[in-house]
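Undergrad: compute the structure for the input listed below.
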Amino acid sequence: MKLSTSTKSIILNCISLLYVVLFVYAAVSKLLDFENFQVQLAQSPLLSAFAGWISFIVPIIEIVIAFFICFERSRLYAFYCAFSLMVLFSAYIIIIINFSPFVPCSCGGILEKMTWNQHLVFNLLFVLLGFCAILFQPHQGNQQTNFKISVALIILGCSVGIMILLFLTSEDMIHHRNNFIRRFPHHPANLTSVLDLKFNSFYIAGEGNGKIYLGNKTAPLTVTVVDSSLKFSNRYVIKIISEKLEYHSLRLTVRPPYFYIADGSIPIVFRGLIRNWVADVWTEGAAYFNAFEPINANKAAFRAISSNERQHVLGILTVNDTSTVFLKPLLDKQIDGIFDTGGTLNYNLKHQKLLYTYTYKNEYIITDTGLKTKIVNHTIDTISHVRIKVNYVPSIKGTKLASPAWIVNNLARTNGDYLFINSALIGRFEPEDLWDEASIIDVYDITSNTYSFSFYIYNTKEFKMSDFIITNDRGYALAGQYLTSYKLRHDFYKTKNKADDFSARKAYRAVSGEGRKPVIE
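TA: Numbering: from 1, shown residues only. Now for the predicted structure:
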């Protein structure tokens, strides 16, 4: 049915009015709540890397298009632009629903009450209206109907292509060249249990066999064993078979079937089985250290201060009939080589790699258990140079911090394919008030050396997280006197399966000879 010119004019005016109302309302809503709009864009799985400039340009474009739709001479070109913008918005939602790594709860903006599918239908309706407006617009020059259809189809293809390109580029930037914009999927870690430990002197010494092992800074020879549901706990006193009673800073590390009590200032390491919590000297006097991480039954990694260079080095301690030590200067000095190279040493059981996460700069390194290789990766923040001041003190022939240090990474843990870092820095487009209510954990994939996502661990009874550990499907955090448990969603984590875990632990026990008999806890 062929429409009359007057009918086309009425339809065109109605479509123009709808577009003007939509774009003006959308732009004003964004500008009135601009900070929230930026945060929503930053959390988009498609456009987070471009949230800065897109947050400014989108409302400006909407206002400009709405302005030129109001004038008959510029209306056709304005509708070309409006049609392109609505195609971009529709392509964005299609990619979100079908191809993005996670789907946000809502689209945000003025239509946030709609589901994603409802929003897509709404957008496609306006795409159709925009196409009709282009066709109904009186011919200008040589722009006949066929020509306008061709232009609209070209705009359609280009707009979809642009959105796909933005998606692919944003994904690459977020994972490989991040400009400190965190990605927060919805609920990757959900609180399941809280246990009141009564005291705030605990730290997490290890995990295994469905249990969490807690050491105590004020009672170093006690261990508290908590089941994975946080419903049952037992306290044990560690018995040391040794005449040496003077210790300065004993610290417990549990790697089933073994536990270790280490004091690097003496230096001495005790080892025993968790089935009876009795320890004997494993090695004594081999090397002074200030960080200790067991690798297997006869090998451990440590951090020490080189007596020659007076700076931190990593080392491997091997204990058979005798103790042997291998040192290698893998840590990069920027200021004094001691304070500036502070960090967290972890061993990844699945990949049999050592990870060292710097405290004061945006780096972590991955090396093998022989310290032969070194891979340097960066965290997503931008602090590449340590921001600390140190003074040389002649009386101790060493350095001390002259002012409070700028901490980048508080603490790090590893499990499966991931490195989990408790960051101390707020990212771009993040609400500052939330930092008083929660701690942030950034997740990095150590198999692809990329940033994956981040999540919040909220305060417990106003206490911030002080320690944490990740198991195959759960996370545990200490906050004040409370131990909390979190269920990890498997669609966000490529956690190692039970076969991987069993194989890794079986290999550990085979070296020790314990794999041939049951371990009773």
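Undergrad: how close does the spatially closest residue to residue 464 that is not a sequence neighbour sit to residue 386?
TA: Spatial nearest neighbour of residue 464, chain neighbours left out: residue 439 (5.7 Å); criterion: C-beta to C-beta, 6 or more residues apart in numbering. Placement of C-beta: from N, CA and C, glycine included. For residue 439, the distance to residue 386 (C-beta to C-beta, to the nearest Å) stands at 22 Å.
Undergrad: between the two, who's got more neighbours?
TA: Neighbour comparison, residue 439 and residue 386: the larger count goes to residue 386, with 24 against 21 (by other C-beta atoms under 10 Å).
Undergrad: residues in contact with the residue nearest to residue 464?
TA: Contact analysis of residue 439 by C-beta atoms under 8 Å, 6 or more residues apart in numbering lists 410, 422, 456, 457, 459, 464, 465, 477.
Undergrad: can you add distance to residue 132 and neighbour count and give those residues back as JSON lines?
TA: Formatted as JSON lines, the contacts of residue 439 follow (distance: C-beta to C-beta, whole Å; neighbours: other C-beta atoms under 10 Å):
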{"residue": "410", "distance to residue 132": "57", "neighbour count": "21"}
{"residue": "422", "distance to residue 132": "54", "neighbour count": "22"}
{"residue": "456", "distance to residue 132": "46", "neighbour count": "17"}
{"residue": "457", "distance to residue 132": "51", "neighbour count": "20"}
{"residue": "459", "distance to residue 132": "54", "neighbour count": "16"}
{"residue": "464", "distance to residue 132": "56", "neighbour count": "18"}
{"residue": "465", "distance to residue 132": "56", "neighbour count": "23"}
{"residue": "477", "distance to residue 132": "56", "neighbour count": "25"}
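Undergrad: looking at the residues you listed, which are in strands?
TA: Counting by DSSP state E, the contacts of residue 439 place 410, 422, 456, 457, 465, 477 in strands.
Undergrad: ok, so of those, who is nearest residue 375?
TA: The closest of these to residue 375 turns out to be residue 422 (C-beta to C-beta; 21.5 Å).
Undergrad: how about the contacts made by the closest one?
TA: 409, 410, 411, 412, 439, 440, 441, 465, 468.
Undergrad: that one and residue 467: what is the separation?
TA: Distance, residue 422 to residue 467, by C-beta to C-beta: 9 Å.
Undergrad: I'd assumed residue 160 was in contact with residue 92.
TA: No: using C-beta atoms under 8 Å, residue 92 is not in contact with residue 160, being 10.0 Å away.
Undergrad: so these two - more neighbours on which side?
TA: Between residue 92 and residue 160, counted using other C-beta under 10 Å, residue 92 has the larger neighbour count: 21 against 16.
Undergrad: the helix or strand harbouring residue 261 - what's its average pLDDT?
TA: Using DSSP states H and E, residue 261 sits within strand 258-263. On average, the pLDDT along strand 258-263 is 97.
Undergrad: and it, which strands flank it?
TA: Each strand paired with strand 258-263, and its direction, by DSSP bridges: strand 251-255 (antiparallel), strand 268-273 (antiparallel).
Undergrad: report the helix or strand with the lowest average pLDDT across this protein.
TA: Ranked by mean pLDDT, DSSP states H and E, the weakest helix or strand in the chain is helix 498-512, scoring a mean of 45.
Undergrad: Three-state assignment for the residue most central in space within the chain, please.
TA: The structure's the chain has its C-alpha centroid closest to residue 442; by C-alpha atoms, centre = their mean the separation is 2.1 Å. At residue 442 the chain is in strand, as set by DSSP: H, G, I helix; E, B strand; the rest coil.
Undergrad: any idea how far it is from residue 292?
TA: From residue 442 over to residue 292 the distance is 25 Å, taken as C-beta to C-beta.
Undergrad: cool, and residue 365?
TA: For residue 365, the distance to residue 292 equals 18 Å [C-beta to C-beta].
Undergrad: cool, residue 425 as well?
TA: 28 Å.
Undergrad: re earlier: rebuild the strands paired with strand 258-263 as a markdown table, extending it with mean neighbour count.
TA: What follows is the strands paired with strand 258-263, written out as a markdown table (neighbours: other C-beta atoms under 10 Å):
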| stretch | mean neighbour count |
| --- | --- |
| strand 251-255 | 21 |
| strand 268-273 | 21 |
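Undergrad: of the ones in strands among the contacts of residue 439, which pair is most distant in space?
TA: Most distant of the ones in strands among the contacts of residue 439, by C-beta to C-beta, are 410 and 456, 14.2 Å apart.
Undergrad: buried set for stretch 212-220?
TA: 212, 213, 214, 215, 216, 220 (16 or more other C-beta atoms under 10 Å).
Undergrad: tell me what the helix or strand containing the second one is packed against?
TA: So the one you mean is residue 213. For residue 213, the host element (DSSP H and E) is strand 211-216. Strand 211-216 makes packing contacts with strand 202-208, strand 222-227, strand 251-255 when contacts are defined by 3 or more C-beta pairs under 8 Å, 6 or more residues apart in numbering; DSSP states H and E.
Undergrad: ok so, going back, okay, and the residue nearest to residue 464 sits in which element?
TA: Here residue 439 is covered by strand 438-445, with elements defined by DSSP H and E.
Undergrad: tell me the average confidence for that strand?
TA: What strand 438-445 shows for mean pLDDT is 95.
Undergrad: now swap in stretch 422-430 and tell me
TA: 87.
Undergrad: again with stretch 30-44
TA: For stretch 30-44, mean pLDDT is 78.
Undergrad: list the buried residues for that stretch?
TA: Within stretch 30-44, the residues that qualify as buried are 30, 37, 38, 39, 40, 41, 42, 43, 44, counting by 16+ other C-beta under 10 Å.
Undergrad: tell me which of those is nearest to residue 256?
TA: The shortest approach to residue 256 among the buried residues of stretch 30-44 belongs to residue 43, at 38.7 Å (C-beta to C-beta).
Undergrad: so who does the closest residue to residue 234 other than its chain neighbours touch?
TA: Computed as C-beta to C-beta, 6+ apart, the closest residue to residue 234 that is not its neighbour in sequence is residue 225, at 5.0 Å. Counting by C-beta under 8 Å, 6+ apart, residue 225 touches 211, 212, 213, 214, 233, 234, 235, 236, 521.
Undergrad: which one of those sits closest to residue 88?
TA: residue 212 (48.6 Å).
Undergrad: please name the nearest non-neighbouring residue to the closest one.
TA: Using C-beta to C-beta, 6+ apart and skipping the chain neighbours, the partner closest in space to residue 212 is residue 226 (4.7 Å).
Undergrad: ok, what's across the strand from the one you found?
TA: Beta-bridge partners of residue 226, counted by DSSP bridges, are residue 212, residue 233.
Undergrad: quick check, it in contact with residue 232.
TA: Yes: using C-beta under 8 Å, residue 226 is in contact with residue 232, at 7.3 Å.
Undergrad: between these two, which has more neighbouring residues?
TA: Between residue 226 and residue 232, residue 226 has the larger neighbour count (other C-beta under 10 Å), namely 23 against 11.
Undergrad: which ones are touching the nearest residue to residue 360 once chain neighbours are set aside?
TA: Residue nearest to residue 360 in three dimensions, not counting chain neighbours: residue 386, with 4.4 Å by C-beta to C-beta, 6+ apart. Contact analysis of residue 386 by C-beta under 8 Å, 6+ apart lists 334, 335, 339, 340, 360, 361, 406.
Undergrad: state the distance from residue 386 to residue 79.
TA: Distance of residue 386 to residue 79, given as C-beta to C-beta: 55 Å.
Undergrad: what of residue 31?
TA: 23 Å.
Undergrad: show me what the helix of greatest length in the chain is packed up against.
TA: Of all segments of type helix in the chain, defined using DSSP state H, the longest is helix 145-176. Contact analysis of helix 145-176 by 3+ C-beta pairs under 8 Å, 6+ apart lists helix 75-98, helix 116-136, strand 450-458 as its packing neighbours.
Undergrad: measure how it sits relative to helix 75-98, angle-wise.
TA: In terms of direction (axes from the mean of the first three to the mean of the last three C-alpha atoms, to 10 degrees), helix 145-176 departs from helix 75-98 by 40 degrees.
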